[in-house]
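**Student:** kindly generate the corresponding structure for this input.
(2 chains)
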Amino acid sequence: MKISHNWLKEYINISLKPATLAENLSKVGLEVGGYEDLAVKYEMFVVGEVLERAKHPNADRLSLCKVNVGSEVLDIVCGAPNVTAGQKVPIALVGATIPRNQHDPEGKSFALERAHIRGIQSNGMICSAYELGLGDDADGILVLKQSAKPGTPFSKFLGLSDVLYDMEVTANRGDWLSHIGVAREIQMITGKKASLPRARIKESATLAKKHAAIRILDKQKCRRYSSRVLKNVKLRPSPQWMQDRLQSVGLRPINNIVDVTNYVLMETGQPLHAFDYDTLAGHAIVVKCAEEGEKFTTLDGKERILRSDTLMICDGEKPVAIAGVMGGANTEISEGTTTVLIESANFDPSSVRRTSKYLGLSTDASQRFERGVDIEMTLYAANRAAELIQEFTGAEVLKGSIDIYPKKARPTFVSLRVKRTNKVLGTSLSKQEIISLLGRLELTPAAQTKETVKFRVPSFRYDIVEEIDLIEEVARAYGYDNIETKTRMTVDFSKPLRTNSLQDEIRNYMIGAGFNEVLTYSLQDRMKGHLMADKAVEVLNPVSAEASVLRTSLVPGALTVVQHNRSHGQRDLRLFEIGSVFGLRGEQPGSTLDAYVEEERLLVLLSGNVISAQYGSEHRATDLFDLKGEVQALLSKFCLDKYRFIYYDSASALIESALAVEINGTYAGFLGEVGKSIAQGFDIDGALFVCELRVADLQGGWTTEKKLIPLPRFPSVRRDLAFVVNTGMQHETVARAIREAGGTLLTNLVLFDLYAGDQIGAGNKSLAYSLEFQPLDRTLTDREIDAEVLRIVKHVEATCNAKLRAL
Amino acid sequence: MTEKINQVRVAFDIEVSKAVNVDELEQVRVKFLSRNGAIAQLFEDMKSVPVSEKPALGKLLNALKNDAQVAFDERKKTLSQSQEKPTSSIDLTLPGRPKPIGTKHPLTQTMDEIKKIFMTMGFSVATGPEIETDYYNFGALNFPPEHPARDMQDTFFIAKDVLLRTHTSPVQIRTMEQQKPPVREIMPGRVYRNEAVSARSLVSFHQIEGLCVDRGVTFSDLKGTLVAFAHQFYGKDVRFKFRPTFFPFTEPSADMYISCFLCKGKGCRMCKFVGWLEIMGSGMVHPHVLQNVGYDTEEYTGFAFGMGIERIACLRYGVDDLRLFYENDVRFLQQF
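**Tutor:** The predicted model follows:
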């Protein structure tokens, strides 16, 4: 929202410099994003007088000018056809920033340097209206009036002396969307009084009431409707000063009637609308809701389809405006307009908001009504508009206003307790100090006891309804900077302090194991969203198709990361992610959270080579067992022996050779190789191994309490055994048989070699194990061990169709 | 003269330590300890010194000569020993066998650091769901229905009354519903806004929220706690300011700014030439919010604050495109 410094001065005496004012407004919460000082807008531009014009010796189309710029005479090369001696012209001095470059297709600004043009030095530039940003004429230089004095700063010549502030208005302060609203805030800062000028109207003898009838049928949505009728208006451009004001805050001047309504809007924050009285059927105004599906053409020429809750302004026959949003084309002010009815009404904020949202139509009026408008402003604004129109056109203002105000708003009173104020703010303000601070905001004490003050709230501060609102005002008026910064606070030990979460611990473990943590988008396209599950949660109003479905798994996101890295030459990847995935519990999305599943998962991914190519050790491609080993280590670290792998043939296109992971007997996730066809979908040609586990299950298995198992006091004994079995025999079966036979004495079993080849015959493989026996109560004798080993060999040979292989 | 002696001492020390073999060391000896060396020259200079100063200076110069000789001898011993060793069997310059280096994501690192600071202040960590109800995301946080305040955070909807949370503040409500004061929690998590994706905005990002409710918690404590955080996180010398703003769930509300840590407040590209950086929103928990979770608002007051992790990480690491965080280029990740 643009606010003009000069305009503000209509309502309050300001002696603060713009920079100080901006800082002080920001201090009270009216954030000034920036301000533009028009006096320095054309900083390096002056008025010049062309003393001589000669032809450029080396170019037909160029002229060589001697230009008096007040302090000196400059040689300037000019390409414009219309330059002649004796002209007063705008000169850009070397160092000036030319607002628009007419040789640039986008008209970008550029800095003017001293230049040699066809061998002649040019010490400045004579500008066109286009180059100055003052018009679209780029064909020749802008010729100024003869009375212009050489050397005059160009801003001064243009009469530019305003400062424009760019205000960022918070959602709760609709009253700041006007100059008087900002002036009132300055009143709080400086203590100088802010006020609107009195509206002085010369009324004719004819009663307005006799010429127009106004009825409000929907009193909920239209809380007040004030109006003035003016005859014999003459449609013209409004005076230059008003056009300048409107332009300075970004509004386009249209004609004196519309400009006045806009001016009063910017002045008071009260949206106004002017109807061509003669087009109002029956010279009547009826405020009521539209028929469902009714069509209506707004001022911008667009046809709108209305709903039954859209509040409309109608005449005796038809709708003429969408209340609080935009007027209709059918009653618009035009060339032939002679009589005008001014609407100054107050509409229900949520009704306007619904309508504006539904129509996708946001206007200066709707933006203000949505946030709320001072209900006591309607009459003043109507009068003020009538005054200005009368001043500009000599119109006849009919006697009296028509003011329909079904339920007059009662003044608001809010009580404030001094103790409470200090308790919230940490201050020690006295009652008197508080009254004086709030007084600057026109909050006046209506009654008080020793501890409590009841304040009367001015109607324009409709945002103040309860005590905490007043406490906030005290804090603003007192100044946030003046409230102590207390750096001592008690710490509470009544609850156990939570330290690192499992997620933190897993992250620490994974980075120790040499993995890079990734974070991927949780909103994905449909293909990725549905890759791992059929039932995905979809967003009703996605911003794009790429972000329309909530991820059902961390795998697709990880594949995207692999794709990106491989395409940038990074092939050996060790990645992990912890993040939430989502799903539907039933078939349909429901209106409670029970309908959705949201769970955190851990993803681990390996791809490329186990060890990058280097001397002295062979590099090889990652396989499933590298990942299995990583996952085993992780699970052993956090869940000790509470996990196991379940081997099943997944045979899905998605994950090939998959294993399921169980923790405490519950399915916790899987690990496996990403299917070739899926990988190819992400332009990945190498093998990829992923594991995805539910964090909740890891949490369930997380063992934080640990008890010492005494270290063995007797030596352990190792023996190696190799069995030849059929290729189809699984390691797990053999290992189980060894453990069964070994009993508690066998404490460690490691598969140290796997061999298939000529030596053992086709269709066979050799599994070589290292066994460790650990007695608890004695030292084992050789004979005891031999017996133990023999028992194991026999058992394995019997149950696994195995043959002991001589080592 | 004293200065001259000291200069020679310093120069000698540097050159001796720089010498990596016996040959180089010999050159140092010639330069300093030989008959025409720098130290001998100093003895020559002594002749022209006033008699009164001679005893003190002489002592200093003798000390230098002795020290230099000792240092030279020691260095010579070390260097000749190392040269005696056979170098043929092992090439020690061969590279070590590389191990993969794990890294936490920069956003995680930023969050961890913030968490750690608040945890030392007695805060613990709470989390909540990303799919939320209208009640937890808006209603309980004092967003009136159909209020422009809801425009501040454009929302992704899943179904009627179900949405993707637009901030971590719903966790405040869930936490307070589950426990009585005192409450002192920080709540990190992912949030969603319906905005066009660009270098400066994404449809989802991370926030960390804080909440402190107890007897006697004031706006003064809010300022103190957040300033203590800022001094820990951004450095002891940053200046700060609090400016009034509006959030439906806090009143009074304040935006916290710190002086730009890059330009020290002089103005630079990072702070858009204003010298200040807005780092978080905060305020006193609105009584309506406390009422909504059944707290006695006369007895308890509290403050809350929240900050965007991506923004902070951008500032800290000099990242100017948010999308880099989610591209997960390992050349990017391994820098942190």
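**Student:** and the pLDDT for A:Tyr647?
**Tutor:** With respect to pLDDT, A:Tyr647 scores 82.
**Student:** for chain B, give me its nearest residue in the stretch 201-350 of chain A.
**Tutor:** A:Ser350 (4.2 Å; C-beta to the nearest C-beta). Every C-beta, even on glycine, is put in place using the N, C-alpha and C of the backbone.
**Student:** around chain B, pick out the residues from the stretch 51-200 of chain A.
**Tutor:** Contact residues (C-beta under 8 Å from any C-beta of the partner chain) of the stretch 51-200 of chain A with chain B: A:Thr170, A:Ala171, A:Asn172, A:Arg173.
**Student:** right, and the last one touches A:Gly372 too?
**Tutor:** The reference is to A:Arg173. No: with contact defined as C-beta atoms under 8 Å, A:Arg173 does not reach A:Gly372; the gap is 9.3 Å.
**Student:** any common contacting residues for these two?
**Tutor:** A:Asp463 (C-beta atoms under 8 Å, 6 or more residues apart in numbering or on different chains).
**Student:** in terms of neighbours, single out the busier of these two.
**Tutor:** Between A:Arg173 and A:Gly372, A:Gly372 has the larger neighbour count (other C-beta atoms under 10 Å in any protein chain shown), namely 20 against 17.
**Student:** which residues in the stretch 651-800 of chain A form strands?
**Tutor:** Secondary structure of the stretch 651-800 of chain A (DSSP state E, counting those that start in this stretch): strands at A:655-663, A:666-674, A:688-694, A:717-726, A:746-755, A:764-773.
**Student:** ignore the last one, the stretch 201-350 of chain A
**Tutor:** Under DSSP E, counting those that start in this stretch, the stretch 201-350 of chain A gives strands at A:203-207, A:213-216, A:222-231, A:272-276, A:284-289, A:295-297, A:303-305, A:311-314, A:319-322, A:326-327, A:340-347.
**Student:** just send these back as TSV, with distance to chain B and mean pLDDT too.
**Tutor:** Formatted as TSV, the strands of the stretch 201-350 of chain A follow (distance: least, C-beta to the nearest C-beta, whole Å; pLDDT from 0 to 100):
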stretch	distance to chain B	mean pLDDT
strand A:203-207	38	92
strand A:213-216	22	95
strand A:222-231	16	96
strand A:272-276	21	96
strand A:284-289	17	96
strand A:295-297	22	94
strand A:303-305	20	95
strand A:311-314	14	96
strand A:319-322	17	96
strand A:326-327	18	94
strand A:340-347	13	96
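**Student:** grab the most central residue of chain A for me.
**Tutor:** A:Val543 (12.7 Å; C-alpha atoms, centre = their mean).
**Student:** got the domain ranges for the chain?
**Tutor:** Defaulting to chain A. A:2-39+A:162-190, A:42-158, A:203-404, A:412-481, A:502-701, A:717-805 (automatic domain parsing).
**Student:** think we crossed wires, I meant chain B
**Tutor:** Split by automatic domain parsing, chain B gives B:2-84, B:106-333.
**Student:** what are the boundaries of the strands in the stretch 201-336 of chain B?
**Tutor:** Under DSSP E, counting those that start in this stretch, the stretch 201-336 of chain B gives strands at B:204-214, B:240-247, B:250-259, B:276-285, B:301-308.
**Student:** the second one pairs with which strands, parallel or anti?
**Tutor:** Going back to what we said before, that points to strand B:240-247. strand B:250-259 (antiparallel) (DSSP bridges).
**Student:** and if you look at the last one?
**Tutor:** Partner strands for strand B:301-308, per DSSP bridges, with pairing direction: strand B:204-214 (antiparallel), strand B:276-285 (antiparallel).
**Student:** buried residues, that strand. List them.
**Tutor:** Judged by neighbour count using 16 or more other C-beta atoms under 10 Å in any protein chain shown, the buried positions of strand B:301-308 are B:Thr301, B:Gly302, B:Phe303, B:Ala304, B:Phe305, B:Gly306, B:Met307, B:Gly308.
**Student:** tell me who's in contact with the last one.
**Tutor:** What that stands for is B:Gly308. By C-beta under 8 Å, 6+ apart, the residues touching B:Gly308 are B:Phe205, B:His206, B:Gln207.
**Student:** 6 Å - rerun?
**Tutor:** Residues in contact with B:Gly308 (C-beta atoms under 6 Å, 6 or more residues apart in numbering or on different chains) are B:Gln207.
**Student:** cool, the fourth one as well?
**Tutor:** Taking C-beta under 6 Å, 6+ apart as the criterion, B:Ala304 is in contact with B:Leu211, B:Thr250, B:Val285.
**Student:** quick check: closest non-adjacent residue to it.
**Tutor:** Distances taken as C-beta to C-beta, 6 or more residues apart in numbering or on different chains place B:Leu211 nearest to B:Ala304, at 4.9 Å, with adjacent residues excluded.
**Student:** same question for the fifth one.
**Tutor:** Nearest non-adjacent residue to B:Phe305, counting by C-beta to C-beta, 6+ apart: B:Ser282, 3.7 Å away.
**Student:** ok so, going back, tabulate the contacts of B:Ala304 (TSV), appending neighbour count and pLDDT.
**Tutor:** TSV is the format used below for the contacts of B:Ala304 (neighbours: other C-beta atoms under 10 Å in any protein chain shown; pLDDT from 0 to 100):
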residue	neighbour count	pLDDT
B:Leu211	25	97
B:Thr250	27	97
B:Val285	28	98
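**Student:** out of those, who's nearest A:Ile709?
**Tutor:** B:Leu211 (43.3 Å; C-beta to C-beta).
**Student:** now do the closest one against chain A, distance only.
**Tutor:** From B:Leu211 over to chain A the distance is 13 Å, taken as C-beta to the nearest C-beta, to the nearest Å.
**Student:** got a list of what that residue touches?
**Tutor:** Counted by C-beta under 6 Å, 6+ apart, B:Leu211 has contacts B:Gln172, B:Val183, B:Glu185, B:Ala304.
**Student:** most centrally placed residue in chain B?
**Tutor:** Residue closest to the mean C-alpha point of chain B, counted by C-alpha atoms, centre = their mean, is B:Phe233 at 5.5 Å.
**Student:** relative to B:Thr120, how far out is that one?
**Tutor:** For B:Phe233, the distance to B:Thr120 equals 12 Å [C-beta to C-beta, to the nearest Å].
**Student:** ok, back up a step: right, so of the strands paired with strand B:301-308, which gets closest to A:Lys156?
**Tutor:** With C-beta to C-beta as the measure, strand B:276-285 is the member of the strands paired with strand B:301-308 nearest A:Lys156 (33.0 Å).
**Student:** off-centre distance for the closest one?
**Tutor:** 19 Å (C-alpha atoms, centre = their mean, to the nearest Å).
**Student:** one more: stretch A:121-130?
**Tutor:** 43 Å.
**Student:** gap between the two ends of it?
**Tutor:** Stretch A:121-130 stretches 24 Å from its first residue to its last (C-alpha to C-alpha, to the nearest Å).
**Student:** buried set for that stretch?
**Tutor:** Of all the residues in stretch A:121-130, those buried under the rule 16+ other C-beta under 10 Å are A:Ser122, A:Asn123, A:Gly124, A:Met125, A:Ile126, A:Cys127, A:Ser128, A:Ala129, A:Tyr130.
**Student:** now, which of these lie within strands?
**Tutor:** A:Ser122, A:Gly124, A:Met125, A:Ile126 (DSSP state E).
**Student:** returning to that earlier point: TSV for the contacts of B:Leu211, including pLDDT?
**Tutor:** Shown next, in TSV, are those (pLDDT from 0 to 100):
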residue	pLDDT
B:Gln172	97
B:Val183	93
B:Glu185	94
B:Ala304	98
